[in-house]
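In: here is a sequence together with a model predicted from it:
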Amino acid sequence: MYRQNRIRANKRLKVFTWHVHGSYLYYLSQANVDFYIPFDAARTPGYGGKVGSFPWPPNLHEIPVESVKTCQFDVILFQSRRHYEVDQYEIFSRAQLSLPKVYLEHDPPREHPTDTAHVVTDPSVVLVHCTNFNRLMWNAKGVPSTVIDHGVVAPKAQYKGTLDKGIVVINNLGSRGRRLGSDIFEYARSHVPIDLVGMGSKELGGLGEVPHDELPEFISQYRFFFNPIRYTSLGLAIIEAMMIGMPIVGLATTELVSTIMSGVNGYTSLDPDELIGLMKALVDSPELARKLGDNAKAQALQRFSIERFARDWELLFHAVSKGRRPAPAFDSRMGRRSPVSVGSGV
């Protein structure tokens, strides 16, 4: 596990956050920082502590919510609107409310795709997006913002592709409707053999939930990974599938268009019928699927490595804890703006 020999700081930071997205929290906890997450007696959403099947590392600490005011932290990391608008004023002391703050935005705006104002209007708060698409769509009104690309621990599983069918990994697809592409999934499944896994998947004839640590090996037997989602952030399941060498097929929307190069590491299109034809080609040609999957793995290892992800977060936390706003910089090696460069909100 990646954790050692990184930023050597005079002080090991203590960052308070909430358990909002289990997979993201697990990968975030690979950073060389002590994280503190609250729990209550009922383990309610956001206050579940170290729940789930993840192998939580020792630098992730859970604390009773009633004890939060007595603890010392260096940075507060928000990950949901409710925690930012309501909960912070209930669980933090007056002194803690003046701590440096970061808001991690996981999703693009729901109300209106381009004109929705972000909940963060305080310019002292650094707004972090997990995709460039998210940052582009939110109206942050001048609030300092940056992008830290996803990062995942490379699974041990290796792509096999022995099953002549595709796999979709989405939780509660039936109840989340068109935004997550439930209709696209049903249409594609009527033409191409595709299985569905995730919470609530049995309601749509799926296979049920697969534990996170077992998912890479489980999906490795399928020929391709299908993403029917119209509008959301870049799913970690997509990146995890790429990491094992699996070709990705999906709608040419949101951040997926910067991740999948059609015909190189998978296929994207705005036409479901075209995608169906491409999926049929992958079913018929294991060799093509493996070639695309090899390219997907190479792309994922370069762009979504856990080492880069953890270091980006460490740099940001240390900068924010010292009241600094890193100056814009261009990372010529990656051909993009440095993830820890903070600029004006779009």
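Out: Great, that's in hand.

In: got the end-to-end distance for stretch 21-41?
Out: End-to-end distance of stretch 21-41: 20 Å, with C-alpha to C-alpha, to the nearest Å as the criterion.

In: how about the lengthiest helix in the chain: buried residues?
Out: Residue-count comparison of every helix in the chain, with assignments taken from DSSP state H, identifies helix 286-303 as the longest. For helix 286-303, burial by neighbour count (16 or more other C-beta atoms under 10 Å) applies to L288, A289, R290, L292, G293, N295, A296, K297, Q299, A300, R303. Placement of C-beta: from N, CA and C, glycine included.

In: now do the closest residue to the second one other than its chain neighbours against L275, distance only.
Out: Leaving aside its chain neighbours, A289 sits nearest to L282 (4.6 Å; criterion: C-beta to C-beta, 6 or more residues apart in numbering). From L282 across to L275, the span is 10 Å (C-beta to C-beta, to the nearest Å).

In: can you check which residues contact both of the two?
Out: V249 (C-beta atoms under 8 Å, 6 or more residues apart in numbering).

In: circling back to that earlier point, got a markdown table for the buried residues of helix 286-303, with pLDDT and distance to W313 too?
Out: Putting the buried residues of helix 286-303 into a markdown table (pLDDT from 0 to 100; distance: C-beta to C-beta, whole Å) gives the following:
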| residue | pLDDT | distance to W313 |
| --- | --- | --- |
| L288 | 98 | 37 |
| A289 | 98 | 34 |
| R290 | 98 | 34 |
| L292 | 98 | 31 |
| G293 | 98 | 29 |
| N295 | 98 | 27 |
| A296 | 98 | 24 |
| K297 | 98 | 24 |
| Q299 | 96 | 21 |
| A300 | 97 | 18 |
| R303 | 97 | 16 |
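
In: between those, which sits nearest I148?
Out: Proximity of the buried residues of helix 286-303 to I148, judged by C-beta to C-beta, is greatest for R303, which lies at 12.0 Å.

In: wait, the closest one sits on N132?
Out: No: with contact defined as C-beta atoms under 8 Å, R303 does not count as touching N132 (11.9 Å).

In: how close does the residue lying closest to Y84 once chain neighbours are set aside get to V125?
Out: The shortest distance from Y84 to any non-neighbouring residue, by C-beta to C-beta, 6+ apart, is to F78 (4.5 Å). Distance check for F78 against V125: by C-beta to C-beta, it reads 8 Å.

In: so what sits against both of those two?
Out: Here F78 and V125 have K101, V102, Y103 as joint contacts, going by C-beta under 8 Å, 6+ apart.

In: which residues does stretch 179-192 contact?
Out: Applying C-beta under 8 Å, 6+ apart, the contact partners of stretch 179-192 are 165-166, 168, 170, 173-174, 176, 194, 196, 204, 226-232, 251, 272, 275-276, 279-280, 283.

In: out of those residues, which are inside helices?
Out: Secondary structure from DSSP H places L173, G174, R176, P272, L275, I276, M279, K280, V283 of the contacts of stretch 179-192 in helices.

In: how near is the fourth one to T253?
Out: From P272 over to T253 the distance is 12 Å, taken as C-beta to C-beta.

In: for K50, same thing?
Out: Here the distance between K50 and T253 works out to 34 Å (C-beta to C-beta).

In: mind listing what the closest residue to G205 other than its chain neighbours touches?
Out: When the adjacent residues along the chain are set aside, G205 lies closest to L196, with 7.3 Å between them (C-beta to C-beta, 6+ apart). The neighbours of L196, taking C-beta under 8 Å, 6+ apart as the test, are I167, V168, V169, I170, L173, F185, R189, L204, G205, G206, L207.

In: 7 Å instead?
Out: Residues in contact with L196, defined by C-beta atoms under 7 Å, 6 or more residues apart in numbering, are V168, L173, F185, L204, G206, L207.

In: and what of F39?
Out: Residues in contact with F39, defined by C-beta under 7 Å, 6+ apart, are Y47, G48, G49, E62, P64, V65.
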